[in-house]
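Asks: Build me a model:
(chains A and B)
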Amino acid sequence: MAGQTLYDKLWSQHLVKERDDGTALIYIDRQLLHEVTSPQAFEGLRLAGRKPWRLDANLATPDHNVPTTLKERAEGNVGIKDPVSLIQVQTLDDNCVEFGIEEFKINDPRQGIVHVVGPEQGATLPGMTVVCGDSHTATHGAFAALAHGIGTSEVEHVLATQCLLAQKMKNMQVRVEGELGTGVTAKDVVLAIIGKIGTAGGTGYAIEFAGSAVRELSMEGRMTVCNMAIEAGARVGLIAVDDTTIEYLAERPFAPRGEQWQAAVADWRNLVSDSDAQFDKVVTLDAAEIEPQVSWGTSPEMVTGISGEVPDPVEQDDDTVKRGYTRALEYMGLAPKQKITDIRLDKVFIGSCTNSRIEDLREAAKVARGKKVADSIKLAMVVPGSGLVKRQAEAEGLDKIFIEAGFEWREPGCSMCLAMNADKLGAGEHCASTSNRNFEGRQGYGGRTHLVSPAMAAAAAIAGHFVDVRRFDAQPAAEEA
Amino acid sequence: MRKFERTEGLVAPLDRANVDTDLIIPKQFLKSIKRTGFGVNLFDELRYLDEGQPGQDCSKRPLNPDFVLNQPRYAGASVLLARRNFGCGSSREHAPWALEDFGFRVVIAPSFADIFYNNAFKNGLLLVTLPEETIDRLFGEVEASEGYRLDVDLESQRVITPSGEILEFEVDAFRKHCLLEGLDDIGLTLQDEDAIRAFEQRHRAERPWLFRESAQA
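Replies: Residues are numbered from 1 along each chain as shown, chains lettered A, B, ... in the order given. Next comes the predicted model:
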C-alpha cells in the first residue's frame, strides 16, 4: 500500500463519519471568527435556539472594517465613521458576549488580521483542522494544519456541531527546488506558482508545497505561500512540519506547555507526507528561475517577472483568454508589450494577511531605509498585521524607517487589501500592493492593483514605478527625481 | 433552505471567464448583517455606471446599457450561463445570496471555484457543470435566439434545450438530496451527535493539546 500524504493523514485524523456517497463529517479543532462573515451565522443559531458546541475552539477578532488611522482607533468602535461598518463590528462584540466566545476587540493589543493573529497566538497548531469564514484561511496550512475557508452557512454549522461536511480533495504537490535568488521572496514564489498553474489549477486539490526552496522559508514566508493557495484555486495549502515550525510555536500563548508540549512535538514530527505517498498531480518549479513578480492584470494568474512585459492579447490562442486579456488591459489602462518597469504608480500598500508579518515589514524597511517615497506617489502606507506585529516592528525601529522615508505607519487591520474600511484606491489609480487579489474594484472602485512582494512594493514607492529590487540598491536614489 | 426540483427559465449569458466573487458582489455590500437584499447589487460594478453604496435606492442609478442583465431581452432570467472558474476568490456567501435574491435559480458553467460551489448548494442555488464545448454551443444558441429558455431538472440530472436536446450533468448524491428536499445541514449533522461526541472524546484523549484547557493543564 502506498504511503499517505500529509493531507491524507490530517483528513483521517479528523474523520468522524463518512457516507457512502463520499460526503464526510470532519471534526474542527479551531474556528476563527471576524465581523464580516459571522453575523448571519450567529443569527442562525439564535433563530434555531442553538448554542456553540465547544466555546474554547473559537477565537474572534474584528479586522476587515476597522480604521487604521491612530486618531480613529484611539476612540475604539466609536472611531468607525461608517455607520454600517460600525454596526458590523459592534454585532461581533455583542455576539461574542452573548455566546461566550473569546474576542480580541478593536483596541486589544492582540487584535489584528485573523490569519496573522491565529498563528501568532499559537491558536493555530500543527495537526489541527482550522476554519474561518474567509478564503485566506489556507494560510494556516503553513503549520501542517488542515485549514479551509468556508462560507457563512458553514460557519454556523461548525459553531453548532463542531464539524464540517466535506468531501476529500485530491492531492497535489508543488515542488520548488533549488535556491531563490537574492531579493526573491515567498510572495514571488507563490505568484510564480499561480502564473504557472493558473487560478483554477488547484481547484479540487489540497496543495502541499514542498522542495528545498520551501523548506528554507521562514514561517512568515510559508504563510505567504499557503495564504495564496486559494488564488491557485485550492482551498487548502499545506507545508510539512519541521524544526522551523516547532521553533516558531514554542511559548506562544495558546500553545501547549510542559509535558503536553513534548507529547505534541513528538506527534507533530509525523505530519509530513510519507516518502512513498502518491500525489494525483505534481508540479515542479526551479527556484533559481523565479524573478521578482508583478501582476499586470485583473486575475492573480496575470503575472510576470519584473524584467517582462505586458502580454499582447492578440498572441493568445484561446478565445476566452484573449477576451479576458483584452478586458484586463482596458481596465488596467496598460498597453500590450508595455514594460513592467514602465508602469507608474499612484499608491503603495504594504499589508494584508499575505504580507503584514514582522519579516515582511523587515524586508520592506531594508529597501526603504534612508530613501524617500517618490513625489509622484500620493500615498504609501504600511499596515501591520496585528497589534503585536506593530509593537515588535516599533521595538526594532522599523516604524521610524518607514515614517522618515515618507510612508504612513498605520494601525492593524485588513485595510486596503479589500477596502472595506476608509483605505481605498480612487478610480484609475495604480497601486503596488502586497495583498493577494487584483480583481476589478477590489481595492476601491476602478482601482488598479499590482500584486508584489513587500520589498518590491517598497522599491516601487521610492522609484514611483516598478523597479527590479535585486538591482535597486545599485541605482542612485535620486535617479527618478 | 428553499427546495430545488426543476426550473424552466430564461437564460442570460455572462461571457467572461474567472468571474470572481468581488465582481458578483463588491465588498461594500458585505457590511450588511442580513442574508437578504443583495440582489439589487448583484454585479454592481458591471451593472451600474456609478459607484454603489449600501442602502442606496438603486432604481435611480445610471445603468450600464452594455451589461447583459440590463438588456430587456434578458429581463426575468433565472438561468445564468457562464464561463470557466465561475465564483473564484473570496468565501463570501453573499455571492450566492445575491444571485439567488436577484432571481437566479441555476448557474451553468464549465467549472466553478470550490468554496462558491459549496456555498451555492447551501442556498438552493443549483450549479450545473457542462463541458466547455457544450457551453460554447449554448452561448451561440442563447445569443442567436431571443427568449431562449432551458429546462433544468435536478431529479433526472438533465438540462433540456428548446430543440429537445438532452444534456446530462453530474451532481453528488448528498448535495442533490439536500437540494431536492430543502434540508438544513445542521439538523442532519446533529442526528450524528453521538458519533461526534464519541469522536471528540477519543480525539481529546489522543491529542489533548488540541483542546485549550487541557493543552496548558
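Asks: For residue 70, give me the pLDDT.
Replies: Just going to use chain A. As predicted, A:Leu70 sits at a pLDDT of 95.
Asks: You answered for a different chain; I wanted chain B.
Replies: B:Asn70 carries a pLDDT value of 98.
Asks: Show me the domain layout of chain A.
Replies: A:1-291, A:293-472 (automatic domain parsing).
Asks: Determine whether any part of the shortest one lies close to chain B.
Replies: The reference is to domain A:293-472. Yes. Counting by CB under 8 Å from any CB of the partner chain, chain B is contacted by domain A:293-472 at A:299, A:320-321, A:323-324, A:327, A:418-420, A:437, A:439-442, A:445-446. Any C-beta I mention is one placed from the backbone N, CA and C, and that applies to glycine too.
Asks: ok, residue 182 - contacts?
Replies: No chain was given, so I picked chain A. By CB atoms under 8 Å, 6 or more residues apart in numbering or on different chains, A:Thr182 lies in contact with A:Arg470.
Asks: look at chain B instead
Replies: By CB under 8 Å, 6+ apart, B:Gly182 lies in contact with B:1-4, B:124.
Asks: how much space is there between it and chain A?
Replies: Taking CB to the nearest CB, to the nearest Å as the measure, B:Gly182 falls 14 Å from chain A.
Asks: helices or strands next to the helix or strand bottoming out on mean pLDDT in chain A in the packing?
Replies: When the helices and strands of chain A are compared on mean pLDDT, DSSP states H and E, helix A:469-472 comes out lowest with a mean of 92. With contacts taken as 3 or more CB pairs under 8 Å, 6 or more residues apart in numbering or on different chains; DSSP states H and E, helix A:469-472 sits against helix A:454-463.
Asks: Measure how buried residue 189 is and give me the count.
Replies: You didn't say which chain, so I picked chain A. 27 (other CB atoms under 10 Å in any protein chain shown).
Asks: Actually, chain B is the one I wanted.
Replies: Neighbours of B:Thr189 (other CB under 10 Å): 22.
Asks: picking up where we left off before, out of the domains of chain A, which is closest to B:Thr129?
Replies: With CB to CB as the criterion, B:Thr129 lies closest to domain A:1-291 of those, at 11.2 Å.
Asks: Quick check: end-to-end length of the closest one?
Replies: End-to-end distance for domain A:1-291: 40 Å, by CA to CA, to the nearest Å.
Asks: gap between the spatially most central residue of chain A and A:Thr449?
Replies: Among the residues of chain A, the one closest to the centroid is A:Thr354, at 2.9 Å (CA atoms, centre = their mean). For A:Thr354, the distance to A:Thr449 equals 12 Å [CB to CB, to the nearest Å].
Asks: Overlap of the contact sets of these two?
Replies: Contact criterion CB under 8 Å, 6+ apart; residues shared by A:Thr354 and A:Thr449: A:Ser435.
Asks: about what we covered before: could you single out the nearest of the residues of domain A:293-472 next to chain B to A:Ile26?
Replies: Nearest member of those to A:Ile26, counting by CB to CB, is A:Arg437, at 27.3 Å.
Asks: Surely the closest one is in contact with A:Pro300?
Replies: Yes. With contact defined as CB atoms under 8 Å, A:Arg437 reaches A:Pro300; the gap is 6.6 Å.
Asks: Common neighbours of these two, please.
Replies: Contacts common to A:Arg437 and A:Pro300, judged by CB under 8 Å, 6+ apart, are A:231, A:451.
Asks: Strands of chain B, residue ranges please.
Replies: B:6-13, B:79-81, B:106-109, B:126-129, B:149-153, B:158-160, B:166-168 (DSSP state E).
Asks: what ranges of the stretch 201-350 of chain A fall below the confidence cut-off?
Replies: Residue ranges of the stretch 201-350 of chain A with pLDDT under 70: none are present.
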